[in-house]
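>>> Predicted model and sequence below, questions to follow.
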Amino acid sequence: MSAEQDRPPHDVVVVGAGIGGLAAAEALHRSGVDVLVLEARPRTGGRLLGTAEGLDLGATWCWDGEPRVLGLVDRLGLATYAQHLAGDTVVEDQRGVQRYPGNLMDVASHRYVGGAGALTDALAATLPAQRLLLDHPVHSVARGAGGVLEVASRGRTWHARHVVLAVPPAVAADTVRLPADLPDDLVRVAAETPVWMGQVAKVVAVYDEPFWRHDGLAGAAASRVGPLQEIHDMSGPEGRPAALFGFAPSALMGPDADRQVRAQLARLFGARAADPRRVTIQDWSRERWTSPTTAAAGAPDHSLFGHPVFQEPTLEGRLHWASTETSPAFAGHVEGALVAAERTVDRILAAAS
Ligand SMILES: Cc1cc2nc3c(=O)[nH]c(=O)nc-3n(C[C@H](O)[C@H](O)[C@H](O)COP(=O)(O)OP(=O)(O)OC[C@H]3O[C@@H](n4cnc5c(N)ncnc54)[C@H](O)[C@@H]3O)c2cc1C
């Protein structure tokens, strides 16, 4: 038996070190709660991920009207800058490429200096090192003696008064064996709740300069031809590094995707766009810890987001949900993950008082 198995139960074990899990863990730790975070990947951040230059491969923007994320940026001493908006839009269909005056694709939004991963890096840094274990995929949560829960990963077992599943519900259903007496509707809804952006690829092309801006273009495009369906300026502050990014359905990202993307960028933004310094394709559907193997083909049913089954803990108040998909407000956004984390922290602190 390991030393961990001998020790008294943790107050809380959080499964997943994305923004939801880390926000919950940071708030609990700040309130004096004994919390341990187990993360499957060798990195924190989940769907917050950047290239080496800090260009986002996952979440990019936050918006006015999202008080939690903007408050968190301030509290963590981080900075944002405005999404580049100025310039015209290009639209591509089978007949060719048309230019339209003004930016028809983007609304005013904020970008994170250093990339969105700065949020989770800063939250992780508030936890003592031994309270955040990377490379620890949780494969089961079970009922243990005395009402505590048992959390198993890599041949070890941790005991906890509360467990927070801060992973998309369908990923939990796919990767974690849960107690057999969970309510049937919770098990069904969890398995069926789609992962926000779980079937999307994000493609980032880095250039020496934002030449499209010099041509009066916003770097904003819509395409019915593809593979990218919408494109935005992804440059850093003051246009450095210079970059464009686009979204494509994962299904369109075949072996020839790099060549197709370069050809499309050249059609939309001119010959210089054909030769980026680098193209990075982040296909989230291939990420085991983001996209469940059971993901249904076809249009995702977002009406399951924020479902009532996720709002109250189960297993006598011990099992909680804290991913963005479980939030009744801003679901899908970073703000939604913070709403879910806040709800979970409130429930756990109320149970302790
Ligand atoms: C391409 C893309 C663009 C986006 N753009 C925006 C945007 O502009 N603005 C915005 O607000 N939002 C955006 N989002 C959504 C945003 O990224 C998410 O809302 C947010 O990151 C979700 O955080 P989370 O903590 O709920 O989940 P996740 O980030 O998915 O975190 C879950 C964590 O749990 C871990 N995990 C999974 N299974 C296990 C297991 N069994 N054991 C242990 N750990 C496990 C995962 O590795 C991961 O670290 C975008 C997402 C994508 C993919």
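Thanks, I have it. Numbering: from 1, shown residues only.

>>> Tell me which stretches of the stretch 101-250 of the chain form strands.
Here the stretch 101-250 of the chain has its strands, by DSSP state E, counting those that start in this stretch, at 110-112, 132-133, 140-143, 149-153, 156-165, 200-207, 217-223, 230-233, 242-249.

>>> Give the pairing partners of the shortest one; include direction for each.
In other words, strand 132-133. Take DSSP bridges as the rule and strand 132-133 pairs in its sheet with strand 35-38 (parallel).

>>> picking that back up, quick one, which of the strands of the stretch 101-250 of the chain is nearest to the ligand?
The ligand lies closest to strand 200-207 among the strands of the stretch 101-250 of the chain, at 4.1 Å (C-beta to the nearest ligand atom). Where you see a C-beta, it was placed from the backbone N, CA and C, and this is true even at glycine.

>>> If we ignore the residues flanking it in sequence, what's nearest S109?
W61 (3.9 Å; C-beta to C-beta, 6 or more residues apart in numbering).

>>> Tell me who's in contact with that neighbour.
Q83, S109, H110, R111 (C-beta atoms under 8 Å, 6 or more residues apart in numbering).

>>> near the ligand, which residues of the stretch 251-353 of the chain?
Residues of the stretch 251-353 of the chain lying close to the ligand by C-beta under 6 Å from any ligand atom are W284, W289, T290, S323, T324, G332, H333, V334, G336, A337.

>>> For D174, see how far away the fourth one is.
Shown here: S323 relative to D174, a distance of 13 Å by C-beta to C-beta, to the nearest Å.

>>> cool, and the last one?
Using C-beta to C-beta, we find A337 at a distance of 19 Å from D174.

>>> between those two, who's got more neighbours?
Neighbour totals were compared for A337 and D174, and A337 leads with 33 against 19 (other C-beta atoms under 10 Å).

>>> Which element, helix or strand, includes the more buried one?
Applying DSSP states H and E as the criterion places A337 in helix 334-352.

>>> Pull out the buried positions in that helix.
334-345, 347-348 (16 or more other C-beta atoms under 10 Å).

>>> pLDDT of it, averaged?
For helix 334-352, mean pLDDT rounds to 97.

>>> elements contacting that helix?
With contacts taken as 3 or more C-beta pairs under 8 Å, 6 or more residues apart in numbering; DSSP states H and E, helix 334-352 sits against strand 10-15, helix 19-30, helix 67-75, strand 156-165, strand 319-321.

>>> angle of it against strand 156-165?
Helix 334-352 runs at 110 degrees relative to strand 156-165, counting by axes from the mean of the first three to the mean of the last three C-alpha atoms, to 10 degrees.

>>> Just give me how far helix 334-352 sits from the chain centre.
17 Å (C-alpha atoms, centre = their mean, to the nearest Å).

>>> ditto for stretch 95-108
In terms of C-alpha atoms, centre = their mean, the centre of stretch 95-108 is set 27 Å apart from its chain centre.

>>> mind listing what's buried in it?
Across stretch 95-108, burial judged by 16+ other C-beta under 10 Å covers N103, M105, D106.

>>> from the residues you listed, which is closest to V91?
Among these, M105 lies closest to V91 (C-beta to C-beta), at 9.2 Å.

>>> What number of neighbouring residues does the residue lying closest to the closest one once chain neighbours are set aside come out with?
Spatial nearest neighbour of M105, excluding adjacent residues (C-beta to C-beta, 6+ apart): A220 at 3.7 Å. By the criterion of other C-beta under 10 Å, A220 has 25 neighbours.

>>> State the pLDDT value of A220.
98.

>>> I'd say it and L244 touch.
No - A220 is beyond contact range of L244, at 9.4 Å (criterion: C-beta atoms under 8 Å).

>>> all strands for the stretch 251-353 of the chain, in order.
Counting by DSSP E, counting those that start in this stretch, one finds strands in the stretch 251-353 of the chain at the ranges 278-283, 319-321.

>>> Out of these, which gets nearest to V309?
The closest of the strands of the stretch 251-353 of the chain to V309 is strand 319-321. By C-beta to C-beta, the value is 8.6 Å.

>>> For that closest one, which outside residues touch it?
Here strand 319-321 makes contact (C-beta under 8 Å, 6+ apart) with 141, 149, 162-166, 169, 178, 182, 310, 313, 340, 344, 347-348.

>>> and what of stretch 109-119?
Applying C-beta under 8 Å, 6+ apart, the contact partners of stretch 109-119 are 19, 45, 48-51, 54-56, 58-64, 69-70, 72-73, 76, 78-83, 237, 334.

>>> Looking at those residues, which are in helices?
Assigned to helices by DSSP state H, the following of these qualify: I19, V69, L70, L72, V73, V334.

>>> Rebuild those residues as JSON lines, extending it with distance to L132.
Formatted as JSON lines, these follow (distance: C-beta to C-beta, whole Å):
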{"residue": "I19", "distance to L132": "14"}
{"residue": "V69", "distance to L132": "21"}
{"residue": "L70", "distance to L132": "25"}
{"residue": "L72", "distance to L132": "18"}
{"residue": "V73", "distance to L132": "21"}
{"residue": "V334", "distance to L132": "19"}
